[in-house]
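Novice: model the structure of this input:
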Amino acid sequence: MRILLVEDDAEVARFVRKGLQEAGHLVEHAANGRDGLFLAASETFDLLMLDRMLPGGVDGVRLVETLRGQGNRTPVLFLSALSGVDERVKGLKAGGDDYLVKPFAFAELLARVEALGRRPAVDVPSTRLKVADLELDLLSRTVTRAGRRIEVQPREFRLLEHLMRHAGQVVTRTMLLEKVWDYHFDPQTNVIDVHVSRLRQKLDKGFDKPLIHTVRNAGYMIRAEA
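Specialist: Numbers count the residues shown, from 1 in each chain. A predicted model of the protein is given here:
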């Protein structure tokens, strides 16, 4: 199998890569989340093996969520020192297929790898989201509308990404608080309204058709129709 290993610990990476290669697998290695996301999104692998905590601005959970949002269904095995039940559940809910806690026996790792590798090949997914003439590039973290570059802040990018992944659907305040702000409670502030208003100013001002719509008493929606 062709396996992508995303692991920032050089010693662990050497150990895992050597063992997998000796077992007959082809292994590509990325030392941070950003490079891992680029490789996973632009090339075809039979299995992704990811650490949870990664440098580069993209951790393991975020990496998997991004890939799953693009329709990439390549099996994912998390390797992590985060052993708590809540952490394992978080990894699996993000889109992981299996979760192995460090330290581990290589024999068990190999058995899990080979079990997860028995999956059909998948198509290479797109690294862009598009709604009408609005495009969001997940790798370069850029936003354009009608070919014009639009500068957005990191939180605005995450907000827009979530709306675009659910284009044509109502996205509730609760969903946005959890997915964009990582809040699992309502802070009773207008933080969402403020950020949506800023996005509207940047995305819709100067264009005939607005893309971001408020659904009264429900939430927000991004769609091409007025």
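Novice: what's Gly168 in contact with, if anything?
Specialist: Residues near Gly168 by Cβ atoms under 8 Å, 6 or more residues apart in numbering: 221-223. Backbone N, C-alpha and C define where each C-beta goes, glycine included.
Novice: can you tell me how far the most centrally placed residue in the chain is from Gln201?
Specialist: Nearest residue to the geometric centre of the chain (Cα atoms, centre = their mean): Thr66, 1.9 Å. Relative to Gln201, Thr66 is positioned 26 Å away (Cβ to Cβ, to the nearest Å).
Novice: equivalent analysis for Asp137, please.
Specialist: Separation of Asp137 from Gln201 (Cβ to Cβ): 21 Å.
Novice: of the two, which one has the most company?
Specialist: Counted by other Cβ atoms under 10 Å, Asp137 and Gln201 do not tie: Asp137 has more neighbours, with 14 against 10.
Novice: so what's that one bridging to?
Specialist: Arg128, Thr142 (DSSP bridges).
Novice: that one and Gly219, how far apart?
Specialist: As judged by Cβ to Cβ, Asp137 and Gly219 stand 25 Å apart.
Novice: kindly report the same for Lys90.
Specialist: From Lys90 to Gly219 the distance is 24 Å (Cβ to Cβ).
Novice: neighbour count for those two, which is higher?
Specialist: Gly219 (20 against 16).
Novice: okay, the residue lying closest to the more buried one once chain neighbours are set aside: pLDDT?
Specialist: Of all residues not flanking Gly219 in the chain, Thr172 sits nearest, at 4.1 Å (Cβ to Cβ, 6 or more residues apart in numbering). Note on Thr172: pLDDT of 89.
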